[in-house]
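Undergrad: Pasting the sequence and the predicted model now:
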Protein chains: 6
Amino acid sequence: MLLHLSTWAEIEQYLKRSRAIVVPIGSNEQHGPTGLLGTDWLCPEIIAREAQKSADILVAPTFNIGMAQHHLGFPGTISLRPSTFIAAIGDWIRSLAAHGFEKILFLNGHGGNIASIEAAFSEVYVEASFAKRHAGFAMKLANWWDLEGVGELAREQFPEGHGVHATPSEIAITQWAFPDAIKSADYSPKIAPSGPIREALDFRARYPDGRMGSDPAQASPEKGGELVRLAASSLVRELNAFANEPLPG
Amino acid sequence: MLLHLSTWAEIEQYLKRSRAIVVPIGSNEQHGPTGLLGTDWLCPEIIAREAQKSADILVAPTFNIGMAQHHLGFPGTISLRPSTFIAAIGDWIRSLAAHGFEKILFLNGHGGNIASIEAAFSEVYVEASFAKRHAGFAMKLANWWDLEGVGELAREQFPEGHGVHATPSEIAITQWAFPDAIKSADYSPKIAPSGPIREALDFRARYPDGRMGSDPAQASPEKGGELVRLAASSLVRELNAFANEPLPG
Amino acid sequence: MLLHLSTWAEIEQYLKRSRAIVVPIGSNEQHGPTGLLGTDWLCPEIIAREAQKSADILVAPTFNIGMAQHHLGFPGTISLRPSTFIAAIGDWIRSLAAHGFEKILFLNGHGGNIASIEAAFSEVYVEASFAKRHAGFAMKLANWWDLEGVGELAREQFPEGHGVHATPSEIAITQWAFPDAIKSADYSPKIAPSGPIREALDFRARYPDGRMGSDPAQASPEKGGELVRLAASSLVRELNAFANEPLPG
Amino acid sequence: MLLHLSTWAEIEQYLKRSRAIVVPIGSNEQHGPTGLLGTDWLCPEIIAREAQKSADILVAPTFNIGMAQHHLGFPGTISLRPSTFIAAIGDWIRSLAAHGFEKILFLNGHGGNIASIEAAFSEVYVEASFAKRHAGFAMKLANWWDLEGVGELAREQFPEGHGVHATPSEIAITQWAFPDAIKSADYSPKIAPSGPIREALDFRARYPDGRMGSDPAQASPEKGGELVRLAASSLVRELNAFANEPLPG
Amino acid sequence: MLLHLSTWAEIEQYLKRSRAIVVPIGSNEQHGPTGLLGTDWLCPEIIAREAQKSADILVAPTFNIGMAQHHLGFPGTISLRPSTFIAAIGDWIRSLAAHGFEKILFLNGHGGNIASIEAAFSEVYVEASFAKRHAGFAMKLANWWDLEGVGELAREQFPEGHGVHATPSEIAITQWAFPDAIKSADYSPKIAPSGPIREALDFRARYPDGRMGSDPAQASPEKGGELVRLAASSLVRELNAFANEPLPG
Amino acid sequence: MLLHLSTWAEIEQYLKRSRAIVVPIGSNEQHGPTGLLGTDWLCPEIIAREAQKSADILVAPTFNIGMAQHHLGFPGTISLRPSTFIAAIGDWIRSLAAHGFEKILFLNGHGGNIASIEAAFSEVYVEASFAKRHAGFAMKLANWWDLEGVGELAREQFPEGHGVHATPSEIAITQWAFPDAIKSADYSPKIAPSGPIREALDFRARYPDGRMGSDPAQASPEKGGELVRLAASSLVRELNAFANEPLPG
């Protein structure tokens, strides 16, 4: 069930049978010579929307702009400051909690988001902690590549040159979903360099075409489809387990 | 041209021929018994994506959560605080300006966003104003219903019961774009009441089914298609005029 | 009744007969070659103080610095950032609400304030909305030029060259109140240009003497007096209607 | 010279002969059974406006709402949070500095403002300090009761029962300026108690009529006039000395 | 009792016999040619830790970085912005209050902290004041040099050249506690200049070796020991008096 | 070299031979029935101070209060909100960078800090990224348990029941450094439970004595000494490698 294509009355009904929701969250940032700028928000959106086709789960609109300051040296990247990102995630959570959602799972598509998302959760919880009361709801961060079985499949598909940015697995997923937007380029070197992440100009100097440790040439729509189907079914299991956890207090 | 389905290198090329970009911006909030929760961000997204099919304009990802605090009494609404919204709009602008975009047009789908978007523009400009320097870029707010000819067409289509929230025109647009998600309900009263907007509980007490002044039963996919086509062509003209304005300094 | 010339005990008494208050709010900014820097906070102050002479209404101190970033290219302008302005309006409201004021009418004298004032109202209301409780108070924004009959009178007095900044109507009001501070200058062109509003240097380049679309030479103390008297009586009616509105919850 | 009754062109001229400005700053808060709510912003306004009658100094609009959280237990008090107050003072300073003002003297009328005003100065200076550059301007805080000779005169006028809040000296000044708004009451006890300052309810419990250590019955318009004249002439000297200080860098 | 060397269970026990705690707070900043960068946080830490050796009082970890923006022209200085400092003090207070501490005494070692600490207290209290409820706890600021008898002893020890920064008394205290870290230098001039405090470059230009008005050559470990012992016993008395004050509400 | 026991002139000298500094950073929070509240800031402080005894490295004062909201259910815990923590880390970095430090290594002692520290780094870098300039400095986060060889040693020392909070390794380190503050208790169960981390009351309900997955009874001062010596030498190597990395731009 897609929240944005539902009416408020349908959500009111849904809340009678479940208090759980999935929020796809990602980033809009450069993904090397061939990766789409939307890759990191498209992947969790694609997986979550696939998942809701065959399970009674609710998918929120996609939180599409995240913490991508290090990619700002490449045109098309849009980034929030961590402090803005934390405030915005907090307001999404406060809105959903006001309606009675008790389990909010953020399905994340960008490694650079992890720290700020976790900080955002703590920023929300601390209000309850200072006040010595129960929050009444809980959040969970799940990166799509950490869903059960997904990492194994990706390692099998791409035993070498998976890397950490503009990876063949994420590019394969977008190829599967947007076959008309498949791009090609000569990669040089074949496998991109690795190293630390600092500010945008430093990043572009270290990683001239935007890739980090990856060889995206290995991506294919078929491999993407395999990843999406596996991730979608793991997501449903993970969300159901989370939904069934008792909340103390 | 859709930014999220492009590579950074394609945007680098685009910037050589244009410094203008459209950002669809809306809200995810209740739209009465039959309106989709995503209506206000779907409408500008639909119009902007239609527009780029036949013109060389660039469309950013959609800013889908806005200022909808007054709708929080209805499940499914997600709202940013104005201060969060202003900070986030500012970071989008700073990101785009860092790449050299000089004309950023926000195509807005939610009346409740207008004040905060304008405040956000001033919050960005004031940095230049305090420092006595030129900003180097300019923003414009365009509500889709204010695009040339659109208001006239809507008044013609819906001479009575257009109202201001859950209007037949916005619902028609989503019907055209999402024919599988058309909902129906008995509206009572036929035309919803009008009045002031305050906090969420006050709103729900005044407007029990979420509509304000509107009779959405008049919506049809056909009327939606007419609105989209007209709005899309007006948007292209408005963006081009904006792109061609000289920037002092 | 002027709050600042009252004691706390007198306000305690007032609250037994009314829960409504008027806050004059404006801006301190350039008003062309002859307009006073204080014009935009003086006008609502003059009108509100006139109104309380013959009606039992309470007038707060004047909120005299608003959002005027675009005028910072002209000496004497003082501006808050929108975020500061929103925070400050919020604290005024929280203070007044703590005393039991339930209807807070901001009588505004500056168009550039409107967006930030409305955002500020939402920023206050959202606390109640996130918490699913009633606010217990309501705010209203009334621009003095929108008070009943005032626009009509101004159009009658100044059928041409009223414009939108450094208008003959606002200058007339300050002339009536401060006859010793009437300034004169040759205006060239007679009617100032119009256009968009961006950062301060852009503004000064477009509007070299500070006026926008106006011909202030038409102002006179007599016309100012007419405007003040009409606005004052309309304000009393508008405040009383607002005071009498029931608050749900 | 009163900034708010001047045009921008007059301020542009003034800046050619002086880079100094006085900003009256105070608070709107309860002042015991007979003190006006506006006392703390009226006093510096009265003194500064008196001073500019006979000296070529420039007086800004009055910053009339300060840090008065502890007085919120008494109706009519309006307070900013310290963080809001600091942000707002910063924006006033940034605005004035953008015009070339190099010496900004805040003439303060409220003891409870001192900490936040000094913190605000540091908040502005730290931007230059982090960036290892000169600020290019300087601020000074002057409480009107600390102006040369003023404390001595007040002690002479009120050897006993001066106290620290709702003092006879500040009430005398408002009596001189607003003879029509002189209030009377029986004070019991004659001299109010003293003690610490905490949150508003604690304050009202400790100081039931709002006074702290004072006997305002001793105030008279004549004594007020003496204080104003002395303070005004001391202010001119202090401002001139400040204006003449060289700025390093 | 040192909080950081205790277990949570020991603090739970302590709270059954006392609701008071001491927080040493200072700054890490240049202290002239011979003063330690840690002087201002070491002094209150040394005194508080000495005090708890012979009295059942609880000492929190030291808040070691304060508001020292004006010292940033000298290497080794670390400063918070006032706004950050205020937020952090607030979070310490909220944490301690959540455990039931009702009397929180900040033992301060840096004059430049005073304004921001007081602003921080008001920032915490205002939440209760806006909500018309009791805070349930109280804070007190005590500068170590203002503890009973300490100023007198310092004036006796250093009748001349005590000054206000890098004073012989604070340096003596660190000499007593860290005899291995005693430094020496030729001071020129013997007594440092005095003047205003602005941004960092201005400060370094006025006070080239970092001292203000002081002659630290007079410091000795013996004098430091005398000051510590006296301050420690005064601190215990002051804390006990504060602990015994009833809290209204 | 300990910064807080140095003079500014000594740091000025140090900066001529190195641009690197270590900042011990931790948290003050419950550590089970026997762990010290200071454990998480003491461990990195102990290791860093040990390291500087035999190497020419500079150690800053300890950042002793971190993000520990989930431990606030246990008395003695002090926590910053993530947003405050991020602001404070930013100000430390800005201060150190203003002096010319180019490599700032945070030696961390608390897992709960990691997200906020990384978010803080991005919050600082983004200023350079938005402005399209190089930062001029770089930060690194190193958890003491991740220093080369340390994890292996801990697993060897505590093959079972190491856990993630109140671990025998961190308790051993504080036992080695503070032998007079060794506490004992009966642990039940021997190995504490594991699970998710949410707000404070939830945490205390899940982990009644504060431990997570650990059996601290295995700690001993000797094992602590081994860990400290190994960690100290690894820290020196890691800092030197970081110091020698070239900075682009």
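TA: Received the coordinates, thanks. Residues are numbered from 1 along each chain as shown, chains lettered A, B, ... in the order given.
Undergrad: Can you name the residue of chain A nearest chain E?
TA: In chain A, the residue found nearest to chain E is A:F130; the distance is 4.6 Å by Cβ to the nearest Cβ. From N, CA and C alone the C-beta is placed, and that goes for glycine too.
Undergrad: who's in contact with that residue?
TA: E:R94, E:S95, E:A98, F:Q69, F:L72 (Cβ atoms under 8 Å, 6 or more residues apart in numbering or on different chains).
Undergrad: just the buried members of those residues?
TA: E:R94, E:S95, E:A98, F:Q69, F:L72 (16 or more other Cβ atoms under 10 Å in any protein chain shown).
Undergrad: from the residues you listed, which is closest to A:I173?
TA: For those, the closest approach to A:I173 (Cβ to Cβ) belongs to F:Q69, at 34.9 Å.
Undergrad: hmm, back to that, which of the contacts of A:F130 fall in helices?
TA: Among the contacts of A:F130, the members falling in helices (DSSP state H) are E:R94, E:S95, E:A98.
Undergrad: export the residues you listed to CSV and tack on distance to chain D and pLDDT?
TA: Putting the ones in helices among the contacts of A:F130 into CSV (distance: Cβ to the nearest Cβ, whole Å; pLDDT from 0 to 100) gives the following:
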residue, distance to chain D, pLDDT
E:R94, 14, 98
E:S95, 18, 98
E:A98, 17, 98
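Undergrad: can you narrow the residues you listed to ones near chain A?
TA: Under the cut-off given by Cβ under 8 Å from any Cβ of the partner chain, chain A has E:R94, E:S95, E:A98 from these close to it.
Undergrad: CSV for the contacts of A:F130, including distance to A:T77?
TA: CSV is the format used below for these (distance: Cβ to Cβ, whole Å):
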residue, distance to A:T77
E:R94, 37
E:S95, 38
E:A98, 41
F:Q69, 32
F:L72, 37
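Undergrad: Quick one: those as JSON lines, columns for distance to chain C too.
TA: Shown next, in JSON lines, are the contacts of A:F130 (distance: Cβ to the nearest Cβ, whole Å):
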{"residue": "E:R94", "distance to chain C": "18"}
{"residue": "E:S95", "distance to chain C": "23"}
{"residue": "E:A98", "distance to chain C": "20"}
{"residue": "F:Q69", "distance to chain C": "19"}
{"residue": "F:L72", "distance to chain C": "21"}
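Undergrad: Closest to chain F out of the ones next to chain A among the ones in helices among the contacts of A:F130?
TA: Set against chain F, the nearest of those by Cβ to the nearest Cβ is E:S95 (4.4 Å).
Undergrad: Contact partners for A:A177?
TA: With contact set as Cβ under 8 Å, 6+ apart, A:A177 has these partners: A:L42, A:I46, A:G224, A:V228.
Undergrad: Could you pick out the buried ones from those?
TA: Buried among the contacts of A:A177 by 16+ other Cβ under 10 Å: A:L42, A:I46, A:G224, A:V228.
Undergrad: How about the contacts made by A:E170?
TA: Counting by Cβ under 8 Å, 6+ apart, A:E170 has contacts A:H31, A:G35, A:T39, A:D40, A:C43, A:G109, A:W145.
Undergrad: thinking again about what came up before, what's the closest of the buried ones among the contacts of A:A177 to chain C?
TA: Closest to chain C, out of all of those and judged by Cβ to the nearest Cβ, is A:L42, at 30.1 Å.
Undergrad: isn't A:F242 right up against A:A20?
TA: Yes. Using Cβ atoms under 8 Å, A:F242 is in contact with A:A20, at 6.4 Å.
Undergrad: any common contacting residues for those two?
TA: Listed as contacting both A:F242 and A:A20 by Cβ under 8 Å, 6+ apart are A:K103, A:L105.
Undergrad: In PDB, could you pull the C-alpha coordinates for stretch A:166-185?
TA: Output in PDB follows, covering the C-alpha atoms of stretch A:166-185 (Å, rounded to 0.1, in the frame of the first residue of the first chain):
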ATOM      1  CA  ALA A 166      28.400   3.700  -7.600                       C
ATOM      2  CA  THR A 167      28.400   0.000  -6.900                       C
ATOM      3  CA  PRO A 168      27.300  -2.500  -9.600                       C
ATOM      4  CA  SER A 169      24.500  -3.700  -7.300                       C
ATOM      5  CA  GLU A 170      22.800  -0.300  -6.900                       C
ATOM      6  CA  ILE A 171      23.300   0.500 -10.500                       C
ATOM      7  CA  ALA A 172      21.800  -2.800 -11.500                       C
ATOM      8  CA  ILE A 173      18.700  -2.100  -9.500                       C
ATOM      9  CA  THR A 174      18.100   1.200 -11.200                       C
ATOM     10  CA  GLN A 175      18.800  -0.500 -14.600                       C
ATOM     11  CA  TRP A 176      16.100  -3.000 -13.800                       C
ATOM     12  CA  ALA A 177      13.600  -0.300 -12.900                       C
ATOM     13  CA  PHE A 178      14.500   2.300 -15.500                       C
ATOM     14  CA  PRO A 179      15.700   0.300 -18.600                       C
ATOM     15  CA  ASP A 180      15.400   3.400 -20.700                       C
ATOM     16  CA  ALA A 181      17.900   5.300 -18.600                       C
ATOM     17  CA  ILE A 182      20.800   2.900 -18.800                       C
ATOM     18  CA  LYS A 183      24.000   4.800 -19.500                       C
ATOM     19  CA  SER A 184      27.400   3.500 -20.600                       C
ATOM     20  CA  ALA A 185      30.900   4.900 -20.400                       C
END
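Undergrad: Excluding covalently adjacent residues, which one is nearest to A:L5?
TA: Leaving aside its chain neighbours, A:L5 sits nearest to B:A181 (4.4 Å; criterion: Cβ to Cβ, 6 or more residues apart in numbering or on different chains).
Undergrad: how about the helices in chain A?
TA: Taking DSSP H as the test, the helices found in chain A are A:8-17, A:39-51, A:82-98, A:114-131, A:150-157, A:168-177, A:200-206, A:221-244.
Undergrad: tell me, which of the contacts of A:A177 make contact with chain B?
TA: Of these, the ones that also sit near chain B (Cβ under 8 Å from any Cβ) are A:L42.
Undergrad: Buried members of the contacts of A:E170 into ChimeraX, please.
TA: A single ChimeraX command selects the buried members of the contacts of A:E170 (16+ other Cβ under 10 Å):
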select /A:31,35,39,40,43,109,145
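Undergrad: can you list the contacts of A:E170 in TSV and add distance to chain B and pLDDT?
TA: Formatted as TSV, the contacts of A:E170 follow (distance: Cβ to the nearest Cβ, whole Å; pLDDT from 0 to 100):
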residue	distance to chain B	pLDDT
A:H31	7	98
A:G35	7	98
A:T39	9	98
A:D40	10	98
A:C43	12	98
A:G109	12	98
A:W145	20	98
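Undergrad: Which one of the contacts of A:E170 is nearest to chain F?
TA: Closest to chain F, out of all of the contacts of A:E170 and judged by Cβ to the nearest Cβ, is A:D40, at 15.4 Å.
Undergrad: That closest one reaches A:E29, doesn't it?
TA: Yes. Using Cβ under 8 Å, A:D40 makes contact with A:E29 at a distance of 6.4 Å.
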